[in-house]
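[1] What follows is a predicted structure for the sequence shown.
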Amino acid sequence: MNFQDYEDEAAKSDCIPLTGREKLQFLVLGLNEEAGEISRIVKKLIRDDIVEETFLEDVKHKIGDVLWYLCAIARNSNITMSDVAERNLEFLTDRWLTNTGDTPLAGCRLKFYKTIPRNIIFKIYSTIKQWNCEGQCVRCQWAAGRRYCRR
């Protein structure tokens with residue numbers, strides 16, 4: 001099944017009686033609710049409250065719900081999911097420099113300007129100078145309780 005076929009079929013089940021921004025807000029809230037359900041299922045898997053087969057079925061169902069909401073949001077915004085997918089693949093292709101492995105993203109290297117430094121050195125300097133005004137200057141009196149002058 002391609003995106004257009006799914007979008008056409010999914011649109012038939014869209015019976016939300018709202019329009020415009022209200023509908024968009026409703027759809028975004030629904031998307032967040034369903035994404036939260038996926039988080040809940042994963043949390044239960046981590047805690048070993050559910051078996052893996054149940055996890056796979058539950059996640060598949062919720063991903064379907066997320067897909068429905070994504071398509072509804074796209075349709076409400078006059079965007080096709082095919083356009084979204086194409087744009088996302090262009091973005092991913094632009095982001096990754098090479099793909100040398102047999103599995104997706106294996107051996108990929110980020111472009112230099114998109115990498116996170118492996119080592120960072122921080123130098124911290126004190127900018128507060130201590131004065132022996134004994135709290136007599138205006139600034140020390142203003143910053144009551146401090147043992148230094150900010151002059």
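    On my side now, so go ahead. Numbers count the residues shown, from 1 in each chain.

[2] what bits of the chain have low per-residue confidence?
    By pLDDT under 70, the low-scoring segments of the chain are 95-119, 125-151.

[3] Can you show me the strands along it?
    96-98, 109-110 (DSSP state E).

[4] buried stuff in stretch 79-95?
    Residues 81, 84 are the ones in stretch 79-95 that count as buried (16 or more other C-beta atoms under 10 Å). For the C-beta atoms, the positions are set from N, CA and C on the backbone; glycine is no exception.

[5] State the distance from the residue nearest to residue 82 when sequence neighbours are not counted to residue 75.
    In this structure, residue 82 finds its nearest non-sequential neighbour in residue 3, 4.8 Å apart by C-beta to C-beta, 6 or more residues apart in numbering. In this view, residue 3 and residue 75 are 11 Å apart by C-beta to C-beta, to the nearest Å.

[6] go on, residue 26?
    For residue 26 relative to residue 75 (C-beta to C-beta), the value is 13 Å.

[7] and the residue nearest to residue 82, what does it touch?
    Going by C-beta atoms under 8 Å, 6 or more residues apart in numbering, residue 3 touches 71, 80-82, 85.

[8] Kindly report the same for residue 70.
    Neighbour list for residue 70: 31, 81, 84 [criterion: C-beta under 8 Å, 6+ apart].

[9] Does residue 59 touch residue 38 like I think?
    Yes: under the criterion of C-beta atoms under 8 Å, residue 59 makes contact with residue 38 at 6.2 Å.

[10] and the end-to-end length of stretch 38-55?
    End-to-end distance of stretch 38-55 (C-alpha to C-alpha, to the nearest Å): 10 Å.

[11] Buried residues of it, list them for me.
    Buried positions in stretch 38-55, judged by neighbour count with 16+ other C-beta under 10 Å: 38, 41, 45, 50.
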